[in-house]
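Visitor: here is my input; please provide its structure:
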Amino acid sequence: MIRSVALSAFSMLALTGCASIDYEPVATAATPTPSAPPPAPAPAPSVDPAIYENAPRAPLLSQLFACSPSNSNIGPISADRASLVYTPYIATPAGSLLRDPTEGACLSSGFGWRSRGESGSNHTGIDLANPNGGFVFAAADGMVEYEGWQGGYGIVVQIDHGRGVHTLYGHLADVNPTLRPGSFVAAGSAIARMGMTGNATGIHLHYEVTIGGLKVDPLNYGAPNVVEVNQSHDQPIDGPAQARPQTPVAAPLEISRKPDADAPNADAPNADASDANVVETPSSPITAPAPAPAQVTAPPARVLPAPPQPPATQPLQVTPDGDGWSPGRTG
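Guide: I've put the predicted structure just below:
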């Protein structure tokens, strides 16, 4: 009994002591969460220089086909998706540039505004796509301005062709390792390979042309004007009908008879037609014909005598010799 009372008293003292303890808060320094650093540009891959030393030169492509008829800003195309405004060269103050500086690609996007849903973007070049990649060539002679990473363009090469003409090649997979800013590049030489670096969803080349500080359309700049005809060949061409010239119809002739002075009954019913002179009187006055020009009598043509012919009883004898067939020889 005494033991249980003592334990109860000790427990109450312990609870009272815990309730009277005052804990002072300890200040803790807040550690800020570090933000993720911006992604560093991908380093240029190491490339064997022999790949570019043995690379072919740029082919001169006579046609450029659209990847799909639904691609944006591709301009007029034929039934087989060939561009109707494409020509191999762009005429510029610095000379001719290649419109398609690739080994072979299709036009996947043209120059200008591209709407994507509720938003859009201004496309300042043309996209030439090839899932197999391939070499990219210098559009003309020039000096390398820049080579390396450039934001959404990925790996790029910029070339100054002089007279205010510049070209840019974007989304490259790699670049010729011999190129440096200030390096000279010859027209048609291999400068890079097509890739999808930067903001790209497929392997293609983004190709820009700048003339006098203004980015121009590489496909349409300097191209001939083309009128797109949507009419099929089995339909007539719409247009104003052209009136055919009418042949003038001669006025009808009025025929009257003039009685002969020696025939008192020329108007009689039994009068012979030969006894009257027929006079043709036109309904409109006739202008007297102009006098015929003097005719010059040509001298009589000189008749040459006919060559003598062998008698009919003597046949023409023909024998072969070393030079061919000769008439008149018998041996």
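Visitor: and the strands in the stretch 1-150 of the chain?
Guide: Secondary structure of the stretch 1-150 of the chain (DSSP state E, counting those that start in this stretch): strands at 89-92, 95-98, 106-109, 112-116, 119-123, 126-129, 135-137, 142-149.
Visitor: now do the second one: which elements does it pack against?
Guide: Under the contact definition 3 or more Cβ pairs under 8 Å, 6 or more residues apart in numbering; DSSP states H and E, strand 95-98 sits against strand 89-92. Using the backbone N, CA and C atoms, a C-beta is placed for each residue, glycine as well.
Visitor: export the strand it packs on to PDB, keeping only CA atoms.
Guide: C-alpha atoms of strand 89-92 as PDB (Å, rounded to 0.1, in the frame of the first residue of the first chain):
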ATOM      1  CA  TYR A  89      21.600  29.100-109.200                       C
ATOM      2  CA  ILE A  90      20.700  32.300-107.300                       C
ATOM      3  CA  ALA A  91      21.900  35.500-109.100                       C
ATOM      4  CA  THR A  92      23.400  37.800-106.400                       C
END
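Visitor: buried residues, it. List them.
Guide: 90, 92 (16 or more other Cβ atoms under 10 Å).
Visitor: one more: stretch 89-102?
Guide: Buried, per 16+ other Cβ under 10 Å, within stretch 89-102: 90, 92, 94-95, 97-102.
Visitor: now do stretch 173-182
Guide: Under 16+ other Cβ under 10 Å, the buried positions of stretch 173-182 are 173-176, 179.
Visitor: again, but for stretch 158-175
Guide: In stretch 158-175, counting by 16+ other Cβ under 10 Å, buried: 158-161, 165-175.
Visitor: inside strands: which ones of those residues?
Guide: Under the assignment DSSP state E, the buried residues of stretch 158-175 contribute 158-161, 165-175 to strands.
Visitor: bridged to Val157, which residues?
Guide: Under the criterion DSSP bridges, Val157 forms beta bridges with Glu147, Tyr169.
Visitor: residues contacting it?
Guide: 136, 144, 146-147, 168-169, 172, 175, 179, 191-192 (Cβ atoms under 8 Å, 6 or more residues apart in numbering).
Visitor: ok, Ala79 next?
Guide: Per Cβ under 8 Å, 6+ apart, neighbours of Ala79: none.
Visitor: before we move on, the earlier item: and which of the buried residues of stretch 158-175 is nearest to Val185?
Guide: Ile159 (6.3 Å; Cβ to Cβ).
Visitor: now do the closest one against Ala129, distance only.
Guide: Here the criterion is Cβ to Cβ, to the nearest Å. By it, Ile159 lies 21 Å from Ala129.
Visitor: pLDDT score for the closest residue to Gln150 other than its chain neighbours?
Guide: Of all residues not flanking Gln150 in the chain, Val156 sits nearest, at 4.6 Å (Cβ to Cβ, 6 or more residues apart in numbering). You'll see Val156 listed with a pLDDT of 98.
Visitor: wait, doesn't Val156 sit right on Leu168?
Guide: Yes: counting by Cβ atoms under 8 Å, Val156 does reach Leu168; the two are 6.0 Å apart.
Visitor: quick one: the helices in the stretch 1-150 of the chain?
Guide: Secondary structure of the stretch 1-150 of the chain (DSSP state H, counting those that start in this stretch): helices located at 2-19, 49-53.
Visitor: tell me where the model's unsure across this protein.
Guide: Applying pLDDT under 70 to the chain picks out residues 1-45, 115-120, 223-331.
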